[in-house]
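Peer 1: Prediction below, plus the sequence it came from.
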Amino acid sequence: MTDLARFAASQGIRYFLFSFCDLFGVQRAKLVPASAVTDLAANGAGFAGFAAWLDMTPADPDVLALPDPSSLMVLPWEPQVAWVATDLQVEGDWLEQAPRRVLQRQLHRAEALGYQFRSGVEAEFFLMDAEAEAERIADPLDRQGKPCYDQIALMRHYPLISALMEGMETLGWGPYQADHEDANGQFELNWTFADGLVTADRHAFFRVMAATLAERHGARASFHPKPIADRTGNGAHLHVSLWDSSGRNLFHHPQGDLGLSPLAYQFLAGLLHHAPALCALTNPIAGSYRRLARSHTSSGSTWSPTWISYTGNNRTHMVRIPDNQRLELRLADGAANPYLLQAAVLAAGLHGIEAGLDPGPRLDSNTFTDPPEPDAARPLPSSPAEALEAFRQDEALREALGEPFCRAYETLIPERPDN
């Protein structure tokens, strides 16, 4: 385990950001000087939980944030500062509502069953005009009707996009591509999949990095699910698979349908079964449901699902099977908490395995033009209230995620602003 003081001395680190994600996915942190890091690493940095989006009161004891040295990342744009994810305790007990703790519990559950959960996330974002009162993109020249993969628009933002790519290279994430996405002003950068906790830490850090560097380049990064009414929304597509301790992908089966194993289809069935309740976590705000609605966009497609269905290599369904290695959940959006996204998906998939669920027949239609028949697929929830009610009623998912977290989340989520 990395000794933070020794790391600071060897790498020239002057400060550490002791960071955690609140229930809404907002990054909270304290800046800790290297001279004090040994004491605070042992005893924790103190926070008032009520002051962040945690289900606590001003009368509750301090939340102590204990750093996980395995998550350590030096800020590429501020190399004298290192970021470290923390785990939260209150009076010596783990804070069970803390999102990183919720994910850790699911990963331990998977390990007990002999599985390692690996994932990759596609974190789409808009570059918005930082000064405009209305939601307006930062690049007035980005006007194509179908702007996806527009080389000229991509290269106009080369200084920012390359800085993000170089930052990920420095951090060892294995970035492999960046592109202009389907909406004017929208971008996506991809990095290599990893263990679920590593991916969640990187997802949380990426949002901070993108927001910080965008500001330095005169723009504002928006991960909002639907920042502009007639444009494609921001998804957070999640690619998932289970592996064994020898490094074998348990989702792959050469003789299976589309090259996937029975285990993969049981995991998939869990996603479909729990989809209404999952939406409370993967699609938590009103803007999430404007993204999921079958609305018109200037490019001609929303690229987001409306129905609880799965398919092969077809981007119009909730779950896509892009190849014989993984599942892609296209449901989640940019408002999802990076840790709760991973935790909820893993919890639903593991229940599908434990209960031996069957996903039913695959649908291969274009659901944007040919909606499935009522007996073929259920519609996704149409509002946060509908998703939250499904979450309240989903006993298996609640049991997996833990009642302390579920009660905290359903108490606070109605207060979340739509931004």
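Peer 2: Happy to help now that I have it. Residues are numbered from 1 along each chain as shown.

Peer 1: Isn't residue 74 up against residue 82?
Peer 2: Yes - counting by CB atoms under 8 Å, residue 74 touches residue 82, with 4.9 Å between them. C-beta coordinates here come from the backbone N, C-alpha and C atoms, glycine included.

Peer 1: Mutual contacts of these two, please.
Peer 2: Contact criterion CB atoms under 8 Å, 6 or more residues apart in numbering; residues bridging residue 74 and residue 82 by contacting each: 11, 13.

Peer 1: ok, these two, which is more surrounded?
Peer 2: residue 82 (23 against 18; other CB atoms under 10 Å).

Peer 1: Let's check: the centremost residue of the chain is which one?
Peer 2: residue 338 (3.4 Å; CA atoms, centre = their mean).

Peer 1: which strands and helices sit next to the biggest helix by length in the chain?
Peer 2: When the chain is parsed with DSSP state H, its longest helix is helix 196-216. Judged by 3 or more CB pairs under 8 Å, 6 or more residues apart in numbering; DSSP states H and E, the packing partners of helix 196-216 are strand 27-33, strand 81-90, helix 99-112, strand 116-123, helix 158-171, strand 186-191, strand 219-222, helix 338-354.

Peer 1: What residues sit buried inside the fifth one?
Peer 2: Neighbour-count burial for helix 158-171, counted by 16 or more other CB atoms under 10 Å, picks out 160, 161, 163, 164, 165, 167, 168, 171.

Peer 1: can you state the direction angle for that helix and strand 186-191?
Peer 2: Taking axes from the mean of the first three to the mean of the last three CA atoms, to 10 degrees, one finds helix 158-171 and strand 186-191 inclined to each other by 20 degrees.

Peer 1: And the contacts of helix 158-171?
Peer 2: So helix 158-171 is in contact with 73-74, 76-77, 127, 154, 174-175, 178, 187, 189, 191, 202, 206, 209-210, 213-214, 217, 219, going by CB under 8 Å, 6+ apart.

Peer 1: Now with 7 Å, please.
Peer 2: 73, 76-77, 154, 175, 178, 187, 189, 191, 209-210, 213-214, 217 (CB atoms under 7 Å, 6 or more residues apart in numbering).

Peer 1: any idea of the angle that helix forms with strand 81-90?
Peer 2: Using the same axes, to 10 degrees: helix 158-171 against strand 81-90 is 70 degrees.

Peer 1: residues touching the nearest residue to residue 18 once chain neighbours are set aside, list them.
Peer 2: Leaving aside its sequence neighbours, residue 18 sits nearest to residue 45 (CB to CB, 6 or more residues apart in numbering; 4.5 Å). By CB under 7 Å, 6+ apart, residue 45 lies in contact with 18, 30, 32, 64, 65.

Peer 1: what distance separates the host helix or strand of the fourth one from the centre of its chain?
Peer 2: Taking DSSP states H and E as the definition, residue 64 sits inside strand 63-67. Taking CA atoms, centre = their mean, to the nearest Å, one finds strand 63-67 lying 22 Å from the centre of the chain it belongs to.

Peer 1: Please name the strands paired to whatever helix or strand comes next after it in the sheet, noting orientation.
Peer 2: Using DSSP H and E, the helix or strand that follows strand 63-67 towards the C-terminus is strand 73-74. If you go by DSSP bridges, strand 73-74 pairs up with strand 81-90 (antiparallel).

Peer 1: can you tell me the average pLDDT over the strand it pairs with?
Peer 2: Here strand 81-90 scores 98 as its mean pLDDT.

Peer 1: Next SSE downstream of it?
Peer 2: Heading towards the C-terminus - elements assigned by DSSP H and E - strand 81-90 is followed by strand 93-94.

Peer 1: what's next to that following strand, contact-wise?
Peer 2: Residues outside strand 93-94 that contact it (CB under 7 Å, 6+ apart) are 87, 101.

Peer 1: try stretch 275-293
Peer 2: By CB under 7 Å, 6+ apart, the list of residues contacting stretch 275-293 reads 224-226, 233, 302, 304-306, 308, 318, 331-333, 335-336, 340-341, 344, 348, 380-384, 387-388, 390-391, 394, 397, 413, 416, 418.

Peer 1: List buried residues within the residues you listed.
Peer 2: 224-226, 233, 302, 304-306, 308, 318, 331-333, 335-336, 340-341, 344, 348, 380-381, 384, 387-388, 390-391, 394, 397, 413, 416.

Peer 1: sorry, back to before: next, the contact list for the spatially closest residue to the residue nearest to the centre of the chain that is not a sequence neighbour, please.
Peer 2: Leaving aside its sequence neighbours, residue 338 sits nearest to residue 203 (CB to CB, 6+ apart; 3.8 Å). Going by CB under 7 Å, 6+ apart, residue 203 touches 121, 123, 338.

Peer 1: Just give me the closest of those to residue 252.
Peer 2: Minimum distance to residue 252 across the contacts of residue 203 is 20.4 Å, recorded for residue 121 (CB to CB).

Peer 1: Tally up the residues packed near residue 311, please.
Peer 2: 20.

Peer 1: Over to the one 5 residues further on?
Peer 2: Neighbour count of residue 316, defined by other CB under 10 Å: 24.

Peer 1: again, but for residue 294
Peer 2: 13.

Peer 1: per-residue confidence for the residue nearest to it when sequence neighbours are not counted?
Peer 2: Spatial nearest neighbour of residue 294, excluding adjacent residues (CB to CB, 6+ apart): residue 306 at 5.3 Å. For residue 306, the model assigns a pLDDT of 96.

Peer 1: contacting residues around residue 306?
Peer 2: So residue 306 contacts 292, 294, 367, 379, 380 (CB under 7 Å, 6+ apart).

Peer 1: Among the residues you listed, give me the pair with the biggest separation.
Peer 2: Pairwise over these, using CB to CB, the maximum falls at 292 and 367, 12.0 Å.

Peer 1: Specify which residue of those two has the higher count of neighbours.
Peer 2: Taking neighbours as other CB under 10 Å, residue 292 and residue 367 compare with residue 292 leading, 27 against 21.

Peer 1: what pLDDT does that one get?
Peer 2: 95.

Peer 1: Distance check, it against residue 361.
Peer 2: 23 Å (CB to CB, to the nearest Å).
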